[in-house]
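Enquirer: Sequence isn't available, so here's the structure alone:
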């Protein structure tokens, strides 16, 4: 091995230790820490993430990367290290261009904006948040100008979360979807279906946690390489492919919420657990493309979990853990988990209307970054679009424009990845059926792990080494298209 | 504030951050981490604890401490900082005298000995462990020669865990206890009492965890400053007085085990939660005296928890959480939690025979360090003492000399603190009754928090700032004596 490559590996090892404890601090803050521990934890996070950031822009690292980019060194690297060195060099250059002063201002603005957003949301008062939102928008523009001087700003932001995607491609995909979804939703929701009261009792939270474990087992989560925790908002977090954690939230009166969060986060976790372990501790490991990542969580959640056949082999077991399910037939359960309803909150929406929530946010972000719409005009624009697409108008700003925390953290351009994930899923479903046979049959026969294995081989093991577009092209043999997803929706809805 | 003191505080702040993440890594390794995460966690522990150790012996720290020890600086410090500076200076000098080569050898020997001990215990074969035990004994002697050149070795070891105590004092205390305990135990166990079969069913572990929470609430554990976790061996761990964690282990067929572990660890935790928060991050905070610490956990566990009146206000609640307890009368329960039995395993023994297990270990340690008994002769010596004191002989080395992990980690001189804790408890019980009134009545009337408050004020808030002997003198107004504990045992047993 080249001496320079060894140097890089040593450097990464040290930097990763900082990253490791910052990840652990975040995990503990959300799952174990009592309130009194916050101050010390936050102090340690600030200290160790600064150490890590400083290491990531240090000249020492730049010199090692430059040396490895020289042709005589670069040509001798294997494909993985070529990818790692090139990617690190690109990120190093980007980050180096941000003036420290601007970066610090951004970090401070972010934490302030999150704070004000929370208050605004609790009070359902957008005016509390608006000035901070404006500030974070301006700073995002400024920083993107440094990191991606050659790109149009919103395209640069989209590219951050799903590399290779820009608004031209997304406009086309989302346009096709919107055209089909809006009338389909109108048709489906014309017949009102009330919620099934059998699913509104008191469901023991410890038993719900047992259901989560049963589901994770069932879909192929590895307990050797994973663990679960309880938290306010479900999430997945990974130290490496060997240690991936998922969390869940159990509401006594909403078992379906924790059931589908379990499957969703399980999908994210199975992805990370199956990335090639040789990539651990480098930019090749862990998947950094949010659309591809969401495609996996949503594939398990929707394409598999909302299929009636998914439940056939385990529905009795579900009833053993949560006895109320013995009183609910599988058909009733299936109806409930696929009940389409025009509702305000994205995270609680069904798979059909979900896309509309994303398209709305995508259009809002374009309005912000491309049309420079004033922040004060955003709530009205939001409400207008809700009315136009779903025929409903939020009763207040809390269930309207303030519902998501993404923008307060500066995550502009993130939302589209959720729907891109769905779009990929339509294509992946077709491909699975081409290669493994009818999904209904596979699920009904309890052979779901065959699908997991297929996803491991086709997608998971690559981690970040393959761009989203290339992944789709190599797995499905064609460009990204919304047609399979549209076909899936049209065949499924209205539920028969 | 003096510039030097500010320097010390900055230095401590940085050193504490390393300590903070090492503590968190340990916590997570025992409560959350999946198997696959071990390697990275262990690597991070090694890295950050080395950083911390290097900071603790760095010349920079020595210089700051020397400057603060100079009369003109020292006289201007308040009492707390005088204590901190003096204590840190003493520890710094001790640690500085250990040659790095010897320290590294010791650390390696420790981790090897732990590994071999585990194997030896699993195979119940002392010969696997003996050579490593010999090595760790020799290294302990060598290191103690550096750290405490003026002290006899075993006295120095005792002093490490319970400062101010030596074998002269302990000989006297344990001697009195042994004289009374051996015949009392013989008398009590002459009438055989079999275990109550009602307590041998299947007790839901989630419900047992709910019982733990109820008990912690009841005795005054703060959830603002504390959290719980599940683990193999129950322990308490603290980041600061604001973040104290306890763990528990739930055996389906042994609810009493988790109940008393909950109370015991709760006692440790209540201590740490109530140390003066101004001491956080210094040697004044957190109590480093193991005898005093055990006195608190064992006070809650035995003096309160094994008193029938403790249960009167909550016995019905216990039955609501674990319905089997509805079938067990409080009298039956009381009998069971105070059933005296000559048994092999210290951690599972009743409060009466427990002391004998400790005295035996104390005598073994004296044989090792004072009489230089050959490691190969230790198992026979152990068995001889068991036969002499409890009339039983271990059937194998696993339930004999190999049962505890303490020696493998080099913790010689630690065991006596458990019994010293009990001895202090006898005195504390008398003092509580003098100042607050009859404990039976206080407990029966559900006023246990008055006792917690008393302990907070009399003991907990001082952290490490007061030596054990001074604590006992100031709280109880006399020297440490075993008489109150003996009186307590004689009044309680045989159970009436």
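Expert: Sure, I can see it. What you see is a predicted model, and the numbers here were worked out from it, not measured in a lab.
Enquirer: Now residue A:259: closest residue in space, sequence neighbours ignored.
Expert: In space, and not counting its chain neighbours, residue A:259 is closest to residue A:211: 6.2 Å by Cβ to Cβ, 6 or more residues apart in numbering or on different chains. Heads up, the C-betas are built off the backbone N, CA and C, glycines and all.
Enquirer: ok, now residue A:274?
Expert: Residue A:274 sits nearest to residue A:460 (Cβ to Cβ, 6+ apart), 3.8 Å away.
Enquirer: With residue A:271 as the reference, measure out to that neighbour.
Expert: 5 Å (Cβ to Cβ, to the nearest Å).
Enquirer: now swap in residue A:438 and tell me
Expert: 24 Å.
Enquirer: which one of these two has more residues nearby?
Expert: Taking other Cβ atoms under 10 Å in any protein chain shown, residue A:438 and residue A:271 do not tie; residue A:271 has more neighbours (28 against 11).
Enquirer: what helices or strands is the host helix or strand of that one leaning on?
Expert: Assigned by DSSP states H and E, residue A:271 belongs to helix A:255-273. On a contact count with 3 or more Cβ pairs under 8 Å, 6 or more residues apart in numbering or on different chains; DSSP states H and E, helix A:255-273 meets helix A:205-219, strand A:236-240, strand A:243-248, helix A:290-298, helix A:330-337, helix A:448-458.
Enquirer: Tell me how many other residues surround the residue in the stretch 301-450 of chain A that chain B sits nearest to.
Expert: In the stretch 301-450 of chain A, the residue found nearest to chain B is residue A:321; the distance is 11.7 Å by Cβ to the nearest Cβ. Residue A:321: 18 surrounding residues under other Cβ under 10 Å.
Enquirer: wait, isn't it in contact with residue A:209?
Expert: No: applying Cβ atoms under 8 Å as the test, residue A:321 and residue A:209 come out as separate, 9.6 Å apart.
Enquirer: Tabulate the helices and strands packed on helix A:255-273 (TSV), appending mean neighbour count and mean pLDDT.
Expert: Below are these laid out as TSV (neighbours: other Cβ atoms under 10 Å in any protein chain shown; pLDDT from 0 to 100):
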stretch	mean neighbour count	mean pLDDT
helix A:205-219	18	97
strand A:236-240	23	96
strand A:243-248	26	97
helix A:290-298	25	98
helix A:330-337	16	96
helix A:448-458	17	98
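Enquirer: These: which one's closest to residue A:5?
Expert: Nearest to residue A:5 among those is strand A:236-240; the distance by Cβ to Cβ comes to 19.9 Å.
Enquirer: Please compute how far that closest one lies from its chain's middle.
Expert: 13 Å (Cα atoms, centre = their mean, to the nearest Å).
Enquirer: how about that strand against chain B, any contact?
Expert: Yes: in terms of Cβ under 8 Å from any Cβ of the partner chain, part of strand A:236-240 sits within range of chain B, namely A:239-240.
Enquirer: what's the angle between that strand and helix A:290-298?
Expert: 110 degrees (axes from the mean of the first three to the mean of the last three Cα atoms, to 10 degrees).
Enquirer: picking up where we left off before, quick one: the residue nearest to residue A:274 and residue A:275 touch, right?
Expert: Yes: using Cβ under 8 Å, residue A:460 makes contact with residue A:275 at a distance of 6.0 Å.
Enquirer: Give me the more crowded residue out of those two.
Expert: residue A:275 (25 against 22).
Enquirer: And what about that one, helix, strand or coil?
Expert: Following DSSP: H, G, I helix; E, B strand; the rest coil, the label given to residue A:275 is coil.
Enquirer: What segments of the stretch 51-200 of chain A are strands?
Expert: With DSSP state E, counting those that start in this stretch as the definition, the stretch 51-200 of chain A shows no strands.
Enquirer: Which residue would be the closest one in it to chain B?
Expert: In the stretch 51-200 of chain A, the residue that lies nearest chain B is residue A:51 (9.8 Å; Cβ to the nearest Cβ).
Enquirer: and that residue, what does it touch?
Expert: residue A:18 (Cβ atoms under 8 Å, 6 or more residues apart in numbering or on different chains).
Enquirer: The helix or strand that contains residue A:432 vs helix A:448-458, what angle?
Expert: For residue A:432, the host element (DSSP H and E) is helix A:415-436. Direction vectors for helix A:415-436 and helix A:448-458, defined by the same axes, to 10 degrees, enclose an angle of 110 degrees.
Enquirer: The very next helix or strand once past helix A:415-436 - what's its average pLDDT?
Expert: Once helix A:415-436 ends, the next helix or strand along the chain (criterion: DSSP H and E) is helix A:439-444. The pLDDT scores in helix A:439-444 average 98.
Enquirer: Could you list the buried residues of helix A:439-444?
Expert: Neighbour-count burial for helix A:439-444, counted by 16 or more other Cβ atoms under 10 Å in any protein chain shown, picks out A:439, A:442-444.
Enquirer: Dump the residues you listed to JSON lines, plus distance to chain B.
Expert: Converted to JSON lines, the buried residues of helix A:439-444 look like this (distance: Cβ to the nearest Cβ, whole Å):
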{"residue": "A:439", "distance to chain B": "30"}
{"residue": "A:442", "distance to chain B": "28"}
{"residue": "A:443", "distance to chain B": "27"}
{"residue": "A:444", "distance to chain B": "31"}
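Enquirer: Select, from those, the two members most distant in space.
Expert: A:439 and A:444 (9.4 Å).
Enquirer: Spit out the residues that contact those two alike.
Expert: Common neighbours of residue A:439 and residue A:444 (Cβ under 8 Å, 6+ apart) are residue A:309.
Enquirer: Where does the residue nearest to residue A:350 when sequence neighbours are not counted sit: helix, strand or coil?
Expert: In space, and not counting its chain neighbours, residue A:350 is closest to residue A:340: 5.0 Å by Cβ to Cβ, 6+ apart. What three-state DSSP gives for residue A:340 is coil.
Enquirer: Residue A:340: neighbour count?
Expert: Residue A:340: 20 surrounding residues under other Cβ under 10 Å.
Enquirer: now do residue A:378
Expert: So residue A:378, with other Cβ under 10 Å, has 20 neighbours.
Enquirer: Contacts only, for the residue nearest to residue A:350.
Expert: Here residue A:340 is in contact with A:185, A:188-189, A:193, A:350, A:352-353, A:493 (Cβ under 8 Å, 6+ apart).
Enquirer: Nearest to the spatial middle of chain A, which residue is it?
Expert: residue A:294 (4.7 Å; Cα atoms, centre = their mean).
Enquirer: how close does it sit to chain B?
Expert: Distance check for residue A:294 against chain B: by Cβ to the nearest Cβ, to the nearest Å, it reads 24 Å.
Enquirer: ok, now how distant is the nearest residue to residue A:170 once chain neighbours are set aside from residue A:173?
Expert: Leaving aside its sequence neighbours, residue A:170 sits nearest to residue A:416 (Cβ to Cβ, 6+ apart; 5.6 Å). From residue A:416 over to residue A:173 the distance is 9 Å, taken as Cβ to Cβ.
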